[in-house]
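In: just need the structure, nothing else, for what follows:
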Amino acid sequence: MNNKTNYFDEKLLPTKKEKQIIVDFLYNSLEKFGDPKEAIMACVEYALKQTVSFGGLIAMVKDMDRPDNPIVSCVVYNRTGMNKYIPENILVYIATDKNYRGQGIGRALIEESLKRIDGSVALHCDPQNPAKLLYEKLGFASKYLEMRLYR
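Out: Residues are numbered from 1 along each chain as shown. The predicted structure follows:
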């Protein structure tokens, strides 16, 4: 596969159309582990500092061999604005198109994008998510059990 990786942040913004394509891709590819489109868009806008935020990074891989150059994998990080007691970044979304899974594309995207991130990185992972093994192989460790109070 001839692929191309694009990176976006507050200095290099995607077009409005590209931003919507990223949100749609994540919504469709995350399947049962995803969020509503509005939540994904809020996360993307946070990463791009299009809302009050600390910013972040979006990276996406496109298949350049296909005429429509579809996204095949995408990751979104948000900066937390904290350090020492909470990691400086959170990997909020990582998804690979189901037709491209198992080829190492998602792993390579995480590895390459982490080189552009300063500080520690946290992520939340459903215990049933098959990607949990990948995260562990990349060095992520389960430090805490997350508990939430919804209001």
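
In: what's near enough to touch residue 105?
Out: Contacts for residue 105 (C-beta atoms under 8 Å, 6 or more residues apart in numbering) come out as 1, 3, 61, 72, 73, 96. Placement of C-beta: from N, CA and C, glycine included.

In: mind checking which helix or strand the nearest residue to it once chain neighbours are set aside is in?
Out: Closest residue to residue 105 apart from its sequence neighbours, by C-beta to C-beta, 6 or more residues apart in numbering: residue 73 at 4.8 Å. Counting by DSSP states H and E, the element that carries residue 73 is strand 71-79.

In: tell me how far that strand lies from the chain's centre.
Out: Centroid separation for strand 71-79 versus its chain: 3 Å, with C-alpha atoms, centre = their mean, to the nearest Å.

In: which pLDDT value goes with residue 126?
Out: On pLDDT, residue 126 comes in at 85.

In: could you pull out the helices for this protein?
Out: Along the chain, the segments classed as helices by DSSP state H run 16-30, 37-47, 105-114, 132-137.

In: could I get those helices as TSV with mean pLDDT?
Out: Below are the helices of the chain laid out as TSV (pLDDT from 0 to 100):
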stretch	mean pLDDT
helix 16-30	96
helix 37-47	98
helix 105-114	96
helix 132-137	91
